[in-house]
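Enquirer: Provide a 3D model corresponding to the input given below.
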Amino acid sequence: MRLNMQRRSSKSVAFIGVFAALHVTLYLISPAFLWRNWAIYLAPFEALILGPYAGFSAALIGSTLGRFILPTNMWMFGIIAEPLSVLAAGFLVRQKWQPVMAIYGIMFVGYFVSPFGPGRTLPLWPLADTIVAFCLIYPAAKLSKNLYSENRKLLPFSLVLISFLTVATDALVRVFLLIPAGLFSSVFGMDSGTLYLAFVGGGVDSFIEDALVVVVAMLVGIPIILALRKILNLERPLS
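Expert: Below you'll find the model as predicted:
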């Protein structure tokens with residue numbers, strides 16, 4: 001048993017390194033005109049293959065190294081939102097919905113009690129995808145067993161759910177950092193008018209990201225998951 005645990009631990013460390021390197025690479029090769037980097041497409045697979053803890057570690061290492069190599073004034077969003085989104089998705093593939101509910105609850109409460117919450121300064125509709133994601137947390141956790149099942153019929157649906165929740169969590173964390181955490185004023189020096197434009201524009205961008213991540217999951221993700229399940233004999237996440 002100890003030998004098996006050591007092998008599993010060594011395997012996890014190796015895969016953390018591989019996915020961290022992929023994370024850095026996708027960040028660095030992303031075109032400059034995009035509002036987000038291509039690492040967002042990797043995040044669901046970090047969760048599916050590595051699980052919550054190893055996936056979080058890979059995303060944290062990759063996002064941090066990427067911003068160290070290619071700095072940006074929005075570095076704090078990447079190194080916080082990307083690992084947290086992988087952590088949340090990793091819990092879901094482990095069929096643990098409670099921690100994800102807690103993450104969303106904290107973020108939503110922070111936004112709704114802020115002076116800029118709905119009905120005061122900012123509209124609610126840019127958060128529509130995150131509200132839908134919140135409603136899908138429990139079903140996604142329960143259906144995640146299909147990701148490793150021999151029955152492939154529900155694999156596409158489960159993969160789409162996990163992918164959508166991953167990118168929606170990323171977006172919600174960024175909103176939390178920008179508004180309740182106060183980065184809009186303390187770091188970026190925005191006034192209320194500039195914040196409004198950034199929030200609304202970010203909401204539109206977020207909806208586009210949702211669609212792109214789902215499409216990538218359908219076209220590329222399913223063959224990748226099936227191949228890795230066969231090659232690695234993957235029956236559950238590594239952590």
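Enquirer: Identify the residues contacting the closest residue to residue 200 other than its chain neighbours.
Expert: Spatial nearest neighbour of residue 200, excluding adjacent residues (C-beta to C-beta, 6 or more residues apart in numbering): residue 126 at 5.9 Å. Using the backbone N, CA and C atoms, a C-beta is placed for each residue, glycine as well. For residue 126, the contacting residues are 199-200, 202-204, 206, by C-beta atoms under 8 Å, 6 or more residues apart in numbering.
Enquirer: For PyMOL, what selects the buried ones among the residues you listed?
Expert: With 16 or more other C-beta atoms under 10 Å as the criterion, this PyMOL line picks the buried residues out of those:
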select buried, resi 199+202+203+206
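Enquirer: Filter the contacts of residue 126 down to just the ones in helices.
Expert: 199-200, 202-204, 206 (DSSP state H).
Enquirer: Does the residue nearest in space to the middle of the chain fall in a helix, a strand, or a coil region?
Expert: Most central in the chain under C-alpha atoms, centre = their mean is residue 85, positioned 2.9 Å from the mean C-alpha point. Secondary structure, DSSP: H, G, I helix; E, B strand; the rest coil: residue 85 is helix.
Enquirer: so which of the contacts of residue 126 comes closest to residue 49?
Expert: Using C-beta to C-beta, residue 206 comes nearest to residue 49 of the contacts of residue 126, at 25.0 Å.
Enquirer: Next one: that closest one from residue 131, what distance?
Expert: With distances taken as C-beta to C-beta, to the nearest Å, residue 206 is found 12 Å from residue 131.
Enquirer: repeat for residue 70
Expert: For residue 70, the distance to residue 131 - C-beta to C-beta - is 33 Å.
Enquirer: swap in residue 41?
Expert: 23 Å.
Enquirer: more neighbours, these two?
Expert: residue 41 (21 against 15; other C-beta atoms under 10 Å).
Enquirer: Residue 109 versus the residue found closest to that one once you drop the neighbours it is linked to in the chain, what's the distance?
Expert: Nearest residue to residue 41 in three dimensions, chain neighbours excluded: residue 216, at 5.0 Å (C-beta to C-beta, 6+ apart). According to C-beta to C-beta, residue 216 stands 32 Å off from residue 109.
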